[in-house]
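> Predicted model follows, preceded by the sequence.
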Amino acid sequence: MHGTEPWKTALKPKDVVLCHRRSYLGLNARKVKMIRQQLLGLLASYLAGASASVTVRKTDKGPTGYEVDFKYINTTANRVLIGGGLQPFSDHFHTTLNTRAWYDPHDYKPGDFYVSHGQPPEDYQWPYEMTNEGDGVWTYTTPLPSGIYSFAYLIDCDFAPNCSIVTGQLVTDPDLPPFENVKGDQVASSFQVPFDARFQGTDDINGNFDYALPAPAEFRGTIKSVNYTSPGSIHPEPDVHHLALYLPAEYGKVEGKKYPLLYLSHGAGGNGNDWENQGRMSSIMDNLIAGGHIEPTVVVMPSFYNLDDSLPRFIMGNFSTMWALPTSQHIRENYEKYLFPWVEENLDVCDKPSCRAFAGLSWGGRLTYEMYVNATDYFDWFGMFSPAADGPYVDEAALAANTALAKKGLFVAYGLYDSVIKAGQDLQAALDGLDIKFLTRISPFGGHYWNTWQDELWWFGVKALWKPFPYTQQTGR
């Protein structure tokens, strides 16, 4: 599940090098309709004379120590907003599960963070509005604290879900296009701002996301978009489905080595490329490996929409199809039949549960729970990030029928302001009631959004993944 505002829902910084290790496998000719849509979008951008850039500058002054300059050229636009993931800020003293502050980033104070929920005041003005400097040049400069920010330019449109990438109303950055399998699979670009403890440090919250900055060169793995055979799939081609694949830097350099395998799932309204675009998972994994927290690990990030034609085709950014979700059982059965065998056959990965893990965010957290209770013997580690699971949860009868449930590496995490906090707590209560050991993480700045899930992936790696289990009170100390 993803928060999207103007609102909801360029850029290679000159001072901060953002490294996407991209390559593409198995991309064939697309359907005529898809090609036509792409050409329409390109034509609209061409006619508008559009180009863009984003620069992250270190200022060594408040309020954050960094400023971000946006520049966008569009000679036909009457108004340009920056939305598609960029959020206003809040703080602990004004945030609940339903409400929040709506601070302009220019008013940032240490400890402020962003969440994606809540309704703005009636007189609220979206802070990320660009200024027309003349001749179609639009600019905007703002301070921002540490974090990864996804965004798109909204052209003569106030609400991102109503903007179309086909007509050119929603524009990703041409200088740093999103990592995607097919053009249009992603609807936002992204950039990262480093941490500066002099201006962003605070006693009550750690907003340092530098673990998602590029690791030293020798630890940088590769991120790829891969197509695989999946009978019945309707995207990107008939009987072909896609996944994002992370290979650690060491992969292929040690003859005969089989690597631990992590499956990492997106949530509702997303696809397998989300973890790289919005979460920078490749850099997080690189830094986990570089820091000695985990051994080199292969990560497979599949897409659970469009597995077959049993539901309407899901198109990224289309809210009318976002909630036409396959059940977690349906996804699991499809993965067991097509995805898991393909991965084992085509990648140098282990073939035992002792070196396999499954994790996911939101609906992907629900899917992780499905794997835990119904694919128990295939995985030994499970990371449930903001799990959107409604129960009923594991009980005494289920445990008696499957005693292995108590002998796994479980990690259950959510944000302090997460819309699924009750579901996460109920799941934890069920596990506690059966004396099933697990680790937990409550992100202190966390809503149901990407800063939370980055935090959870990082701590899953630091404290839980590939660590001895069942966990004890000394695990992770």
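Noted; the coordinates are in hand.
> separation between residue 114 and residue 455?
Using C-beta to C-beta, to the nearest Å, one gets 13 Å for the distance from residue 114 to residue 455. All C-beta spots, glycine's among them, are computed from the backbone N, C-alpha and C.
> Residue 249 now?
24 Å.
> again, but for residue 74
Distance, residue 74 to residue 455, by C-beta to C-beta: 35 Å.
> pretty sure residue 242 contacts residue 224?
No: using C-beta atoms under 8 Å, residue 242 makes no contact with residue 224, being 10.5 Å away.
> in the sheet, who's paired with residue 90?
For residue 90, the beta-bridge partners are residue 113 (DSSP bridges).
> Please list all residues in contact with it.
100-103, 112-115, 118 (C-beta atoms under 8 Å, 6 or more residues apart in numbering).
> ok, which stretches of the stretch 301-450 of the chain are helices?
Along the stretch 301-450 of the chain, the segments classed as helices by DSSP state H, counting those that start in this stretch run 319-322, 328-334, 340-346, 363-374, 396-401, 421-433, 450-459.
> Return the member of the contacts of residue 90 nearest to residue 376.
residue 115 (34.2 Å; C-beta to C-beta).
> Residue 77 is in contact with residue 168, isn't it?
No: taking C-beta under 8 Å as the contact criterion, residue 77 and residue 168 are not neighbours in contact, 9.5 Å apart.
> tell me the domain ranges of this structure?
For the chain, automatic domain parsing gives the domain ranges 22-208, 215-464.
> among those domains, which is nearest residue 470?
Relative to residue 470, the nearest member of the domains of the chain by C-beta to C-beta is domain 215-464, separated by 4.3 Å.
> Give me the mean pLDDT for that closest one.
Here domain 215-464 scores 96 as its mean pLDDT.
> follow-up on the earlier one: would you mind telling me which of residue 242 and residue 224 has the busier surroundings?
residue 242 (28 against 19; other C-beta atoms under 10 Å).
> where does that one fall, phi/psi-wise?
phi -130, psi 160 (degrees, to the nearest 10).
> how about it, what does it touch?
Neighbouring residues of residue 242 by C-beta under 8 Å, 6+ apart: 181-182, 225-228, 235-236, 271-272, 303.
> Compile the residues you listed into TSV and extend it with columns for distance to residue 255 and secondary structure.
Shown next, in TSV, are these (distance: C-beta to C-beta, whole Å; DSSP: H, G, I helix; E, B strand; the rest coil):
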residue	distance to residue 255	secondary structure
181	31	coil
182	35	coil
225	27	strand
226	23	strand
227	27	strand
228	25	strand
235	37	coil
236	33	coil
271	34	coil
272	29	coil
303	32	coil
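> Out of these, the closest to residue 155 would be?
Among the contacts of residue 242, residue 182 lies closest to residue 155 (C-beta to C-beta), at 22.4 Å.
> Residue 475 and residue 439, how far apart?
Distance, residue 475 to residue 439, using C-beta to C-beta: 7 Å.
> more neighbours, those two?
More neighbours surround residue 439 than the other of residue 475 and residue 439, with 19 against 16 (other C-beta under 10 Å).
> Geometric centre of this protein: which residue is closest?
Centroid-nearest residue in the chain: residue 275, 3.6 Å away (criterion: C-alpha atoms, centre = their mean).
> Alright, that wraps it up for me.
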